[in-house]
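Trainee: generate coordinates for the sequence data below:
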Amino acid sequence: MRKFVALIMLLSAVLTGCTQSPKNGAAPPQNVDPNHQVQVNQTAPQKKEITDPAGVAQRLEQIAGSVPNVESANCVVFGNTAVVGINVPQGMDRAKVGTVKLSVAEALKHDPYGVDALVTADMDLAERLRRVRDHVMNGRPINGFAEEMAAIIGRIVPQVPRDVVPPQTNPNR
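Mentor: Below is the predicted model:
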């Protein structure tokens, strides 16, 4: 008999726990439409469309160049993306370079075009960005970009010894 009473009490506790009311004492909604959808407005600012790439590049270069310890800056804009390369004093500590790079990113964050810009302090990449920028200014944007991308990829791709084919010797020579 005790087991039966204990089982009944346990079952009633479990069933009572499954019928919880909403928190904070609120009454449950009576007429809920299962197809009702909530509309939420976008709160983050939309990325501005870049219509004048040269103007945007010049503006971002000026902003980046105004940050202390930035000797010069070069910016390349393609599509709706900007890449900013900064030059810092030679021999600067890596931690300090990271701080300067972060400062440039914070300065660009306040510009509507710079909010999504990519910032690099790598000397080689900054130089290559300068070359691409010069090609763009000289009216050769695609050709200059292709040349620099080929040079960058050529640096990244390793030379694997097993892929090297020795020159064939011609016995007739």
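
Trainee: how about the secondary structure of Gly139?
Mentor: Using DSSP: H, G, I helix; E, B strand; the rest coil, the structure places Gly139 in coil.

Trainee: give me the distance between it and Ala54.
Mentor: Distance, Gly139 to Ala54, using Cβ to Cβ, to the nearest Å: 11 Å. Heads up, the C-betas are built off the backbone N, CA and C, glycines and all.

Trainee: out of those two, which sits in the more crowded spot?
Mentor: Ranked by neighbour count (other Cβ atoms under 10 Å), Gly139 and Ala54 place Ala54 first, with 12 against 8.

Trainee: got the confidence number for the more buried one?
Mentor: On the pLDDT scale, Ala54 is placed at 84.

Trainee: wait, it touches Val136, no?
Mentor: Yes: in this structure, Ala54 is within contact of Val136 by Cβ atoms under 8 Å, at 7.4 Å.

Trainee: what's the weakest-modelled helix or strand in the protein?
Mentor: Least confident helix or strand, the chain: helix 2-18 with a mean of 66, by mean pLDDT, DSSP states H and E.

Trainee: what ranges does this structure have for its helices?
Mentor: Ranges of helices within the chain are 2-18, 53-65, 94-109, 123-137, 141-156, based on DSSP state H.

Trainee: which of those sits most buried?
Mentor: helix 53-65 (a mean of 19; mean count of other Cβ atoms under 10 Å).

Trainee: just checking, what packs against that helix?
Mentor: strand 72-78, strand 81-87, helix 94-109, helix 123-137 (3 or more Cβ pairs under 8 Å, 6 or more residues apart in numbering; DSSP states H and E).

Trainee: distance to Asn80 added to the helices of the chain, as JSON lines?
Mentor: Formatted as JSON lines, the helices of the chain follow (distance: least, Cβ to Cβ, whole Å):
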{"stretch": "helix 2-18", "distance to Asn80": "52"}
{"stretch": "helix 53-65", "distance to Asn80": "10"}
{"stretch": "helix 94-109", "distance to Asn80": "15"}
{"stretch": "helix 123-137", "distance to Asn80": "16"}
{"stretch": "helix 141-156", "distance to Asn80": "15"}
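
Trainee: so for Asn87, which of these sits nearest?
Mentor: When these are compared by Cβ to Cβ, helix 123-137 sits nearest Asn87, at 5.5 Å.
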